[in-house]
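Enquirer: Return a 3D structure for these sequence lines:
(2 chains)
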Protein chains: 2
Amino acid sequence: MMKLYYATGTCALASHIALEEAGAAYTTDRLDFKTNQQNSPDYLKINAKGRVPALVTDKGVITETPAILAFIAQSFPNAKLAPFDDAFAFAQVQSINNYLCSTVHVCHAHKGRGYRWATEETSFADMKRKVPETMSACFALIERDLLKGPWVMGEQYTICDPYLYTISGWLEGDGVDLAKLPGVVAHRKRMQERPAVQKVVSEEKALAA
Amino acid sequence: MMKLYYATGTCALASHIALEEAGAAYTTDRLDFKTNQQNSPDYLKINAKGRVPALVTDKGVITETPAILAFIAQSFPNAKLAPFDDAFAFAQVQSINNYLCSTVHVCHAHKGRGYRWATEETSFADMKRKVPETMSACFALIERDLLKGPWVMGEQYTICDPYLYTISGWLEGDGVDLAKLPGVVAHRKRMQERPAVQKVVSEEKALAA
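Expert: Prediction:
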C-alpha cells in the first residue's frame, strides 16, 4: 500500500486529493512543520530534500508534486486523471502543473521562506511585500489563459485541478484580490463540491486540530 | 514542422538538444534577450509568459521545459528518451526534471533576476551573494543521490541528461566548486562527446556570434 507524507497547509494537499480521486489504497503520515519534523533524520532518509509531499510506493519513493500527480494518473487509468494517450494534451497538463510548481508556488514561497534565497531580514521583508503583486500576475495569467473551465483542461477533470485548487487556497493570505478572478473562484467552489475533496480536507483539518 | 523558440545561455538548450537526439524535424528561432525580444507583442502571442523555451507544434504551443522534454520523448518513442511504459521509472524522470526546474533553476535565477521577487537593490545583492551556497547545496544532492551514472537515470540516456547538462553549465558562473562534483563533471564531459550536443551547442554559438 502507498503512503503519502504531507503537512497541513502545504502543496501536498494536491497529491492527497488525487490519491482519493483515483480510488487508490493508501495511508498518510502527517509531518509537523512547527517542530521541523521534515528535517528529522528519519524523514530525511525518505526524502533527502526535507520537503513534502513524498509518496512511498512498493518500488520506491517519489517526490515533486507534478511527478507524483502524473504517477497517480498513470497508475489508475480508469480514473482518467491525465490524457496519456495524447502526447500534446498530456504536455498541456504537464505544462500547467510545472507552471504551478516552478513559478506560482515559488512566488508564494517568498512570503515566508525568503531565507532559502537570501540572508538579511530587510530582504525577507522586501520579498514579502512583493508577493501580492507576483501572485496577482500569476493568477491573472491563469484566469485569462490557462483555466478553460469548468475544469482546468476543459470538460475533463485532471491532475491539474487539485493542484490549482491547492494553490488558489493561498490567495487570500497572499493579498490577492479575488474579485478579479471569477473563474478561479468558481473553480474553487466546484472543487469543494467533490466528495474526494471534502473527505481529504476534513481529514487534514481533523488531524491538525 | 515544429519550431523551437530559444535564447542562448538559457534552459532552452535542454529542449534543443532533446529535439536533436530524437531525430525530430524542427526549425529554431533565436530571441535576443538583450533587446527584450521575449516581451515583444509578437512573441507574447506565442508565449504570454515572455519566457523561453516555447515549442510550436502542429497542435499548438507547449511551454515549460519538463513538459516540452516529455512531449519530445513521447512523440519519438524510438529514441527511448523516457520510460513511458513504466509509471514508477517515468515518475523518477519527471521528479528529477521538476527538481531542476522548480528548485535548481530558481536558485540560479536569484543571481540575475532578483527583480522577479523583490524591489530593492540591496535585496538583489543579498540574493546574488547566496547563489554559490544554494547552487552548491542543490548540486551536492544531485551528485550524491540523483545522478546514477553514466547517465542521470543509469545506463539509459533520457530527457534528464540534456537538462542536467544545461544547468550544470552554469556552475562556474554561480561560484560553485566543481572539485566537489566529480560525477557532475564526468557527466558533462560525456555529454560533450555526443554528436547531437556538439551540433546544437556549435549552432547556438555560431548564431550568437
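Enquirer: residue ranges of the strands in chain A, please?
Expert: Under the criterion DSSP state E, strands of chain A are mapped to A:2-6, A:26-30, A:54-57, A:60-63.
Enquirer: give me phi/psi at the residue nearest the centre of chain A?
Expert: Among the residues of chain A, the one closest to the centroid is A:Cys11, at 3.5 Å (Cα atoms, centre = their mean). Backbone torsions for A:Cys11, taken as degrees, to the nearest 10, come to phi -70, psi -10.
Enquirer: where does chain A have low pLDDT?
Expert: Scanning chain A with the threshold set as pLDDT under 70 gives A:208-209.
Enquirer: how is chain A carved up into domains?
Expert: A:2-80+A:197-208, A:87-194 (automatic domain parsing).
Enquirer: any chance of those domains in CSV, plus distance to chain B?
Expert: All C-beta atoms are positioned from the backbone trio N, CA, C, and that covers glycine. As requested, the domains of chain A are exported to CSV (distance: least, Cβ to the nearest Cβ, whole Å):
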stretch, distance to chain B
domain A:2-80+A:197-208, 4
domain A:87-194, 4
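Enquirer: any idea how far the residue nearest to A:Ser95 when sequence neighbours are not counted lies from B:Tyr163?
Expert: With Cβ to Cβ, 6 or more residues apart in numbering or on different chains as the criterion, A:Ser95 has its nearest non-adjacent residue at 3.9 Å, and that residue is B:Ala67. According to Cβ to Cβ, to the nearest Å, B:Ala67 stands 12 Å off from B:Tyr163.
Enquirer: do the same with A:Asn78
Expert: 32 Å.
Enquirer: So for these two, which residue has more residues nearby?
Expert: Counted by other Cβ atoms under 10 Å in any protein chain shown, A:Asn78 and B:Tyr163 do not tie: B:Tyr163 has more neighbours, with 28 against 7.
Enquirer: shouldn't the more buried one be in contact with B:Tyr99?
Expert: No. Between B:Tyr163 and B:Tyr99 there is no contact under Cβ atoms under 8 Å: 9.9 Å.
Enquirer: Now do the buried residues in the longest helix along chain A.
Expert: Taking DSSP state H as the criterion, chain A has its longest helix at helix A:121-141. For helix A:121-141, a neighbour-count test (16 or more other Cβ atoms under 10 Å in any protein chain shown) marks A:123-124, A:126-128, A:130-131, A:134-136, A:138-139, A:141 as buried.
Enquirer: In JSON lines, list the strands of chain A along with mean neighbour count.
Expert: Formatted as JSON lines, the strands of chain A follow (neighbours: other Cβ atoms under 10 Å in any protein chain shown):
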{"stretch": "strand A:2-6", "mean neighbour count": "20"}
{"stretch": "strand A:26-30", "mean neighbour count": "15"}
{"stretch": "strand A:54-57", "mean neighbour count": "22"}
{"stretch": "strand A:60-63", "mean neighbour count": "20"}
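Enquirer: For A:Gln198, find the nearest of those.
Expert: strand A:26-30 (16.1 Å; Cβ to Cβ).
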